[in-house]
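Student: No letters, just coordinates:
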């Protein structure tokens, strides 16, 4: 079985994340969408909330499951028989960082990394920008899945509806 992981903080998940997950699901027999747990970082959404939203967002994809991990991603890959990491690239700066990470991960455990060019429609979208614009009441509805928009509306009451 060809298994890949799409790792991230997903705080919150965006349509750009969903695009990469959907495309990876066509290439692999199983895709694990894994939320990284960093106890020293406080996110907008609790890890359990992110997992719930991701499960709802990916429910239509029969070969995708949602999980979380702590520690090194390559250790998670080894423990779960995952041979590849699938990640999206928005910019050259993303590539510089992800290339180094891919080379380190391969050196540590032999896990390969698939770097996928983003859909240009989402090239500017990041979780950080979505949170910032949401907090200021801007229109981000077209940038995130509906369940994420609803949850953001609960966190930021002045978000446009």
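Tutor: Perfect, thanks for sending it. Quick caveat: nothing in here was measured; it's all calculated off a predicted structure.
Student: list the buried ones in the lowest-mean-pLDDT helix or strand in the chain?
Tutor: Ranking every helix and strand in the chain by mean pLDDT, DSSP states H and E puts helix 92-109 at the bottom, with a mean of 90. With burial defined by 16 or more other Cβ atoms under 10 Å, the residues of helix 92-109 counted as buried are 94, 98, 102, 105. Placement of C-beta: from N, CA and C, glycine included.
Student: Share the number of residues neighbouring the residue nearest to the first one when sequence neighbours are not counted, please.
Tutor: Leaving out its chain neighbours, the residue that sits closest to residue 94 by Cβ to Cβ, 6 or more residues apart in numbering is residue 88, at 7.9 Å. One way to gauge burial is a neighbour count; for residue 88, by other Cβ atoms under 10 Å, it gives 23.
Student: Residue 88 should be in a strand, yeah?
Tutor: Yes. If the criterion is DSSP: H, G, I helix; E, B strand; the rest coil, then residue 88 is within a strand.
Student: per-residue confidence for it?
Tutor: The score at residue 88 is 94. That number is its pLDDT.
Student: Now do it against residue 39, distance only.
Tutor: Using Cβ to Cβ, to the nearest Å, one obtains 25 Å as the distance from residue 88 to residue 39.
Student: re earlier: can you list contacts of the least confident helix or strand of the chain?
Tutor: For helix 92-109, the surrounding residues in contact (Cβ atoms under 8 Å, 6 or more residues apart in numbering) are 72-75, 77-78, 85, 87-89, 111-113, 115.
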